[in-house]
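Colleague: Sequence and predicted structure below; questions after.
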Amino acid sequence: MDCSVLHSPKPIHTTLPLSPESSYTKVAKLVKAWTVLLPFHQHIPHINRRLDMPDTPHDRKHLKRLPPEAYRGYAVVHWTHTIENRATGWLNTSVHSKFRELLIHTCARYQLACPTYCMMPDHLHLLLLGLDLSSDQRNATKFFKKHFNNLLAPSKNKLQNQSYDHVLRDEEASVDGFAQLAHYILCNPERANLTQIDESLNWPYLGAVVAGFPITNPFDTNFFPWFWETVENQRNKNPQ
């Protein structure tokens, strides 16, 4: 994987070397670092549902949603979008590039940031975080799904009507919870046997998106400290 398109915007870093150290170990070290480097941890809620969900979520006719306000403002939500009929064969470099462009527009339009995403052969994971009190992830998801389905149309595929969401709750605030979820998403390819053991970072269809910063890499050791500083600065522009 050429990581040059996913680097931290800070100029002190070059291409992330692929060392014998496992991707699981790399992410685990980052997770440990994140827990002491977040200056506004009161805004980082904990997961209110299980982390050990299947990597390809079960089909369900109807998934219960939390009240609309749970998806607004500074909410942090893990979204899982599944391709209808678990279809594969649509994921390639071109689709990934167009997906990133769409995700940038979605984040800019609805005041969101995506510190971690991972596209899998029959579904995709997005971790979205609100930057403003006006942010609304349900509206953002409607916008994203409509236009992502347009990207899938040439392959005669589309997303399932309903996505799985995983809202993190303020009353269970925990930096560890957020870090564990980011770790879960980043390590999906290895658990699905899509990469060699300990090489999830070689999967070409994962990354991060922060509007205004075209070069971002969640495997960069300075990414998350930079990310939280950027989010805090953005939120301070629009205080409660």
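Modeller: On my side now, so go ahead. Numbering: from 1, shown residues only.
Colleague: low-scoring pLDDT stretches of the protein, where are they?
Modeller: Low-confidence segments of the chain, defined by pLDDT under 70: 1-63, 170-175, 239-240.
Colleague: Please report how far D198 lies from C187.
Modeller: Distance, D198 to C187, by CB to CB, to the nearest Å: 10 Å. Glycine gets a C-beta too; all of them are placed from N, C-alpha and C.
Colleague: sorry, that was for E101
Modeller: Distance, E101 to C187, by CB to CB: 25 Å.
Colleague: Those two - which one has more neighbours?
Modeller: Set E101 next to C187 and count neighbours by other CB atoms under 10 Å: C187 wins out with 23 against 13.
Colleague: how deep is A208 tucked in, by neighbour count?
Modeller: Residues near A208, counting by other CB under 10 Å, number 25.
Colleague: Quick check on it: phi, psi?
Modeller: phi -150, psi 160 (degrees, to the nearest 10).
Colleague: Name all residues that make contact with it.
Modeller: Contacts for A208 (CB atoms under 8 Å, 6 or more residues apart in numbering) come out as 6, 114-117, 216-218, 223, 227.
Colleague: What count of nearby residues applies to the residue nearest to C187 when sequence neighbours are not counted?
Modeller: Leaving aside its chain neighbours, C187 sits nearest to S200 (4.9 Å; criterion: CB to CB, 6 or more residues apart in numbering). Applying other CB under 10 Å, we find 26 residues neighbouring S200.
Colleague: Pretty sure S200 sits against A192.
Modeller: No - S200 is beyond contact range of A192, at 9.6 Å (criterion: CB atoms under 8 Å).
Colleague: where along this structure do the helices fall?
Modeller: Using DSSP state H, the helices of the chain run over 23-37, 93-110, 137-152, 175-186, 188-191, 223-237.
Colleague: As TSV, the ones you listed with distance to V77 would be great.
Modeller: Below are the helices of the chain laid out as TSV (distance: least, CB to CB, whole Å):
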stretch	distance to V77
helix 23-37	18
helix 93-110	12
helix 137-152	5
helix 175-186	10
helix 188-191	17
helix 223-237	15
